[in-house]
Every structure is written in C-alpha cells, then in structure tokens.
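[1] coords please:
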Amino acid sequence: FCFASACAYYIGKELLPSKMSPNSVFDKAFDVVRNNSEVTNRFGPPLKAYGRDHGGHREGRRNFIEHTEYTDKDDGSKRTRVRFNLEGKFGDAFVFAEVSSAMPSGEFVYGE
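    Numbering: from 1, shown residues only. Next comes the predicted model:
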C-alpha cells in the first residue's frame with residue numbers, strides 16, 4: 001500500500017505541476033519570450049524552445065529542462081531557475097528564467 005501511495009504522489013506531482021516546477025517556469029518564460037517583438041525580430045519566426053540538446057538528431061529526446069532549485073540566502077524564499085534553448089530562423093540562444101515562491105505566479109526574478 002505504501003508503494004502505491006508513493007507512486008500516486010509522484011504521478012500527481014508530475015501531472016499537476018506547481019508554479020515552481022521546471023516545466024511550468026519553462027512554459028511561462030517561453031510565452032514571455034515568444035510574445036516579445038524584439039526577440040522575434042532578432043531570431044526570426046517561428047520560435048522554437050526546447051530543453052537540453054544531446055547533440056544528435058533525436059528530436060523527442062530534448063525535453064529535459066535544466067534547472068536548479070535553491071533557497072535564496074537574502075529573503076529565504078525558494079527559487080527555481082531554468083535554462084532552455086531558443087531557436088529561430090536567424091539564430092539560436094540560451095534563455096535563463098527564475099521564479100521565487102515569495103512572488104505571485106507569472107512574475108519572474110530579474111538579475112542585478
């Protein structure tokens with residue numbers, strides 16, 4: 001019974017992500033990037049975002065979003081920072097995004 005409960009917990013956690021989950025941060029950050037006209041002009045439409053690139057032509061294997069979860073030493077909030085690839089007709093780039101548990105959903109932490 002304990003094993004089944006543990007499995008149900010982790011399945012639920014993956015299927016119903018919180019605002020701090022790497023995939024949620026990735027989705028919201030890509031929405032912001034995709035709707036930014038300067039980014040679209042620089043990289044060219046259509047924009048494509050994906051996780052870690054393993055260097056091969058295995059399109060379906062690039063879905064792991066690199067992330068770091070930590071506690072901020074200044075305010076004690078939990079943070080999630082993600083890194084993903086952005087690709088357009090005119091080039092590609094890395095995107096970094098970070099959210100804090102102390103901020104409302106949909107807001108990002110900006111570097112100094």
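[2] in the protein, which ranges drop under the pLDDT threshold?
    Where the chain drops to pLDDT under 70, the residues are 1, 7, 9-17, 53-62, 111-112.
[3] For it, just list every one of the strands.
    48-50, 66-71, 78-88, 91-100 (DSSP state E).
[4] Just say which of the ones you listed is most tucked in.
    Stretch with highest mean neighbour count among those: strand 78-88 (a mean of 19; mean count of other C-beta atoms under 10 Å). Just so you know, the C-beta spots here come from the backbone N, C-alpha and C atoms, and that holds for glycine as well.
[5] That one: partners in the sheet, and parallel or antiparallel?
    When pairs are called by DSSP bridges, strand 78-88 turns out to pair with strand 48-50 (antiparallel), strand 66-71 (antiparallel), strand 91-100 (antiparallel).
[6] what about the longest one, distance to the chain center?
    The one in question is strand 91-100. 8 Å (C-alpha atoms, centre = their mean, to the nearest Å).
[7] do the second one as well
    Offset of strand 66-71 from its chain centre (C-alpha atoms, centre = their mean): 11 Å.
[8] Which residues does that strand contact?
    Outside of strand 66-71, the residues within contact range by C-beta atoms under 8 Å, 6 or more residues apart in numbering are 20, 22, 25, 51-52, 77-84.
[9] Which single one of those is nearest to residue 103?
    residue 77 (7.9 Å; C-beta to C-beta).
[10] ok, now which ones touch the closest one?
    71, 100, 101, 102, 103.
[11] Any chance of these in JSON lines with distance to residue 2 as columns?
    JSON lines is the format used below for the contacts of residue 77 (distance: C-beta to C-beta, whole Å):
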{"residue": "71", "distance to residue 2": "29"}
{"residue": "100", "distance to residue 2": "34"}
{"residue": "101", "distance to residue 2": "29"}
{"residue": "102", "distance to residue 2": "34"}
{"residue": "103", "distance to residue 2": "36"}
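[12] which two from the residues you listed end up farthest apart in space?
    So, those by C-beta to C-beta: farthest apart are 71 and 103, at 14.5 Å.
[13] Identify the residue spatially nearest to the most centrally placed residue in the chain, adjacent ones excluded.
    The C-alpha lying nearest the average C-alpha coordinate of the chain belongs to residue 26 (C-alpha atoms, centre = their mean; 2.2 Å). Take residue 26 and drop its neighbours on the chain: the residue closest to it by C-beta to C-beta, 6 or more residues apart in numbering is residue 65, 4.8 Å away.
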